[in-house]
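A.B. asks: Show me the folded form of this:
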Amino acid sequence: MMRRDVHDKLRARLHEAAGAHEPDRERILARVERGMAEQARPDHRATRPPAYGWLRVVTATAAVAGVLAVGGYAVASAVKEDRPQQTVATSPTPEPPGAKGEKDGPLWSDGSVDPHSNDFWAQSNLRLHTSGQLTALTVRLRVAQTGGVTSTGAWRSLPEDDFTLTVGEKDGFLVYTWVLKEGRTVRAGEWVFAGQYDHERGGRDAKDDSYVMTATAGGEQLSVTGGFAAHDGNDPTPGGDS
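C.D. replies: Sure thing, here's the model as predicted:
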């Protein structure tokens, strides 16, 4: 009986202590604030960041994406505007007068269809030989529109920056025009100008194609012209019987 009484008294005291206990609110709040401060530290690794943190990340990402999108469009537009227009339609340039054929003074010329041309694509080659320095030069290639003739490019063996190139259609011809820039010169030698183009499938007849070149050498105006027919062994270059 005595042992049971002891247990009853102990139980009663525990109930009294539990009933008299009040939570320390200030202490609890302090612990919560301390925990939040630890999460805010840069080196704190939280396994599940608060919802408002994710909202800030998403908002910032969207803003950056918007800036990049606008910036990319502006850059693309600038590049597009600054891109040189190699193929342009220009006002007609007067045809050079007085062309005497494939040879004129120090100038010799020749026109031929490149042997690597095929059933869908061709290249017209113009060969110019000069024995003296040229202070002015205009080269014009005329490719007859025989069906599906569309420019695919052009090149020359002289420096690209020395010439202005225009490509356009006029009177049923695809016309390539190279003009030597003011202040530039062409030294003595042999040079090539070439126009490239697609055409309808099948062999293309170049009988109506032509070229003309005008130049200035030693203060004298010179002009040569020709087509793309075979020369029958006559070489227009120095030493040939043109």
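A.B. asks: per the record, what domains does the chain have?
C.D. replies: Following automatic domain parsing, the chain resolves into domains at 25-82, 103-226.
A.B. asks: weakest of these in terms of mean pLDDT?
C.D. replies: Sorting those by mean pLDDT places domain 25-82 lowest, at a mean of 44.
A.B. asks: Surely Thr216 and Thr185 touch.
C.D. replies: No - applying C-beta atoms under 8 Å as the test, Thr216 and Thr185 come out as separate, 9.9 Å apart. From N, CA and C alone the C-beta is placed, and that goes for glycine too.
A.B. asks: Those two: which is more packed in?
C.D. replies: Thr216 (16 against 13; other C-beta atoms under 10 Å).
A.B. asks: Quick check: beta-bridge partners of the more buried one?
C.D. replies: Counting by DSSP bridges, Thr216 is bridged to Ala136, Gln221.
A.B. asks: Any buried residues in stretch 162-170, and which?
C.D. replies: Along stretch 162-170, these residues count as buried under the neighbour rule (16 or more other C-beta atoms under 10 Å): 162-163, 165-168.
A.B. asks: Could you do stretch 218-229 as well?
C.D. replies: By 16+ other C-beta under 10 Å, the buried positions in stretch 218-229 come out as 222-226, 228.
A.B. asks: picking up where we left off before, common neighbours of Thr216 and Thr185, please.
C.D. replies: Shared contacts of Thr216 and Thr185, defined by C-beta atoms under 8 Å, 6 or more residues apart in numbering, comprise 134-135.
A.B. asks: can you give me the strands in the chain?
C.D. replies: Using DSSP state E, the strands of the chain run over 103-104, 107-113, 121-130, 136-144, 150-156, 163-170, 173-180, 189-198, 210-217, 220-226.
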